[in-house]
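# The following comprises the amino acid sequence and a computationally predicted model.
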Amino acid sequence: MTVYVRALETAVPPTLLIQHEARDVFAAQPGLTRLGSRLVTTCFDSAAIDTRYTAVRELTLDSDAEDPQFFDPQTGLLRSPSTKARNNLFVEEATKLFIEAADAAVSKCDGIDRLDITHLVTVSCTGFFNPGPDYKIVRALGLNPAVQRYHLGFMGCYAAFPALRAAKSFCEADPTAVVLVVCAELCSLHVRTSNDPDTIMGSALFADGAAAAVVTARNDLPNPPLLQLDHFETVLTPVGEDSMAWNIGDEGFEMVLGNYVPHIIDEHIVGALEPLLARDPSLRELPYRDITHWAIHPGGRSILDKVQSRLDLTDEQLLPARETLRNYGNMSSATVLFVLKHILILPLREGDERICSMAFGPGLTVETGLFTKVAQPADEPDAVAGEAEPSLA
């Protein structure tokens with residue numbers, strides 16, 4: 001049975017962060033040591049990021065908040081609100097992004113009524129509340145109140161893959177299923193001033209954004225699908241449990257992002273790809289650069305550099321990931337969907353095109369996916385899709 005992504009849409013909050021302006025604010029904080037100040041400058045300047053978006057409206061030099069909790073532009077001081085205060089803002093602002101991305105994706109699906117959606121999968125690791133984002137989306141979009149709802153929480157940057165894999169399984173079990181997947185992350189809620197290298201790196205990299213996809217095996221729809229979901233695999237590297245983590249502290253969530261992570265990925269990326277590419281005989285012996293597209297989660301510039309070098313990929317193949325990082329930063333689970341959308345809007349060269357995708361997260365976990373960017377319309381709309389084998393083009 002062939003399962004497709006029929007729509008993929010993204011959303012970001014309205015407040016734009018200019019990287020060099022954010023760098024200057026963080027570097028000027030009074031508690032920094034000389035080494036801490038140098039680390040701020042180095043991390044921000046080497047991140048290969050120009051702009052990011054934040055749901056924290058106070059994080060701008062022209063903020064006029066009467067009682068700022070995060071940043072006071074009059075004094076230039078970053079504040080340190082409690083985890084509760086940060087999560088309260090998540091409840092308010094993440095709800096908006098979840099709904100915006102979900103509404104955009106469903107609205108792009110001609111032939112799909114909102115009451116046709118049978119499953120809803122939401123994803124986030126940057127805050128909690130209940131009734132949660134799944135409930136809020138059902139109410140805001142007018143979905144069937146009996147829709148099956150699932151939330152994947154606190155998994156980290158790779159969580160879009162388990163969400164898409166679950167959607168694929170739902171559709172394979174029920175050919176009439178329509179699954180709405182929505183990832184939304186407010187990473188900037190948890191930035192803070194610190195001399196800790198991991199905290200500084202997180203402040204230089206992370207941002208806010210959301211993405212939503214409509215997944216179904218139905219082919220009775222008027223428009224062709226965007227993406228064919230072929231295979232997924234998960235690999236845990238033998239080392240790295242202490243090198244990447246996401247913990248809850250008293251003043252926000254705390255990122256552990258050791259500088260050894262790029263080296264772990266460099267050492268284990270080939271092995272992590274083996275089970276995925278083994279699923280398709282046409283790809284087993286193919287040089288990596290002969291796979292047309294690579295949708296790599298841009299966890300950071302050095303991670304992309306290691307992946308490109310180890311797999312001998314071209315600059316063009318890394319462009320979607322690098323441009324996403326440059327324009328949006330690292331938005332945790334939503335980021336790889338931004339990369340996929342970048343690839344989807346590129347003009348097709350000839351026929352269907354394969355996409356190899358991957359993301360990394362705590363553990364160290366490597367999630368991989370093999371997709372096909374669809375060039376031709378789906379089969380004639382006279383029956384529910386179900387029997388065609390995935391294209392190997």
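Arrived safely. Residues are numbered from 1 along each chain as shown.

# Let's verify Gly36: helix, strand, or coil?
Counting by DSSP: H, G, I helix; E, B strand; the rest coil, the backbone at Gly36 sits in helix.

# pLDDT wise, what is it at?
At Gly36 the predicted local distance difference test score is 96.

# what is the rounded mean pLDDT of stretch 354-369?
Taken as a whole, stretch 354-369 has a mean pLDDT of 95.

# what does stretch 186-205 give?
When pLDDT is averaged over stretch 186-205, the result is 95.

# Endpoint to endpoint, it covers what distance?
By CA to CA, to the nearest Å, the extent of stretch 186-205 from end to end equals 12 Å.

# Same check on stretch 304-319?
Counting by CA to CA, the length from the leading to the trailing residue of stretch 304-319 is 10 Å.

# go on, stretch 47-66?
The stretch stretch 47-66 measures 32 Å between its terminal residues, going by CA to CA.

# and if you look at stretch 25-44?
Criterion CA to CA; first-to-last residue distance in stretch 25-44 is 11 Å.

# Which positions in it come out as buried?
When burial is assessed from 16 or more other CB atoms under 10 Å, stretch 25-44 yields the following buried residues: Val25, Phe26, Ala27, Gln29, Leu32, Gly36, Ser37, Leu39, Val40, Thr41, Cys43, Phe44. Quick note: C-beta positions are derived from backbone N, CA and C, even for glycine.

# I figured the last one was touching Ala22, is that so?
This means Phe44. Yes. Taking CB atoms under 8 Å as the definition, Phe44 is a contact partner of Ala22 at 6.8 Å.

# biggest helix in the chain by residues?
Longest helix in the chain by number of residues, with DSSP state H as the criterion: helix 83-107.

# what's the model's confidence in the very next helix or strand once past that helix, averaged?
The element immediately downstream of helix 83-107 (helix or strand, assigned by DSSP states H and E) is strand 119-124. Mean pLDDT, computed over strand 119-124, is 98.

# tilt between strand 119-124 and helix 83-107?
Orientation check (axes from the mean of the first three to the mean of the last three CA atoms, to 10 degrees): strand 119-124 against helix 83-107 gives 140 degrees.

# Now do the helices in this protein.
Counting by DSSP H, the segments of the chain that form helices are 19-27, 34-46, 83-107, 133-141, 160-173, 197-205, 261-277, 301-311, 315-328, 335-344.

# Return the residues in contact with the nearest residue to Ser194 once chain neighbours are set aside.
The spatial neighbour of Ser194 that comes closest, neighbours along the chain excluded (CB to CB, 6 or more residues apart in numbering), is Ile200 at 6.4 Å. Applying CB atoms under 8 Å, 6 or more residues apart in numbering, we find Ile200 in contact with Phe26, Gly36, Leu39, Val40, Cys43, Ser194.

# follow-up on the earlier one: with distance to Glu254 added, can I get the helices of the chain in CSV?
As requested, the helices of the chain are arranged in CSV below (distance: least, CB to CB, whole Å):
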stretch, distance to Glu254
helix 19-27, 17
helix 34-46, 16
helix 83-107, 10
helix 133-141, 23
helix 160-173, 22
helix 197-205, 7
helix 261-277, 16
helix 301-311, 20
helix 315-328, 22
helix 335-344, 20
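
# how about the ones you listed, which one is nearest Thr292?
Of all those, it is helix 315-328 that lies closest to Thr292, at 8.0 Å by CB to CB.

# what about that closest one, distance to the chain center?
Using CA atoms, centre = their mean, to the nearest Å, we find the averaged C-alpha position of helix 315-328 to lie 14 Å away from the chain's own average C-alpha position.

# what angle sits between it and helix 19-27?
With the same axes, to 10 degrees as the basis, helix 315-328 and helix 19-27 are set at 60 degrees to each other.

# what angle sits between helix 315-328 and helix 335-344?
For helix 315-328 and helix 335-344, the angle between their directions (the same axes, to 10 degrees) works out to 130 degrees.

# which stretches of the chain have low pLDDT?
Counting by pLDDT under 70, the chain contains low-confidence ranges at 376-393.

# Tell me which residues touch the residue most central in space within it, please.
Relative to the mean C-alpha position of the chain, the nearest C-alpha, by CA atoms, centre = their mean, is the one of Ala334, at 2.2 Å. Counting by CB under 8 Å, 6+ apart, Ala334 touches Thr10, Val123, Ala160, Cys183, Ala184, Glu185, Gly209, Ala210, Ala211.

# quick revisit: among the contacts of Ile200, find me the one that's closest to Phe154.
Closest approach to Phe154 among the contacts of Ile200 (CB to CB): Ser194, at 21.6 Å.

# Ser309 contacts Asp266, doesn't it?
Yes. Using CB under 8 Å, Ser309 and Asp266 qualify as a contacting pair, with a distance of 7.4 Å.

# okay, those two: which has more neighbours?
The neighbour count for Ser309 versus Asp266, taken as other CB atoms under 10 Å, is higher for Asp266 (16 against 11).

# gap between stretch 29-42 and the chain center?
Here stretch 29-42 is found 29 Å from its chain centre; the criterion is CA atoms, centre = their mean.

# Equivalent analysis for stretch 44-57, please.
A distance of 15 Å separates the centroid of the chain from that of stretch 44-57, by CA atoms, centre = their mean.

# Give the buried residues for that stretch.
Residues of stretch 44-57 classed as buried under the neighbour-count rule (16+ other CB under 10 Å) are Phe44, Ala47, Ala48, Ile49, Arg52, Tyr53, Thr54, Ala55, Val56, Arg57.

# And for stretch 288-302?
Using 16+ other CB under 10 Å as the burial criterion, the residues of stretch 288-302 that qualify are 288, 291-302.

# The buried residues of stretch 44-57 in strands, which ones?
Residues from these lying in strands, with DSSP state E as the criterion: Arg52, Tyr53, Thr54.

# tell me the contacts of the second one?
This points to Tyr53. Tyr53 sits next to Val12, Pro13, Pro14, Thr15, Leu16, Leu17, Ala207, Asp208, Gly209, Tyr328, Gly329 when contact means CB under 8 Å, 6+ apart.

# how close does the third one get to Gly209?
Read that as Pro14. For Pro14, the distance to Gly209 equals 12 Å [CB to CB, to the nearest Å].

# out of those two, which sits in the busier spot?
Neighbours of Pro14 and Gly209, each counted by other CB under 10 Å, are more numerous for Gly209; the result is 30 against 9.

# Fine, thanks again, bye for now.
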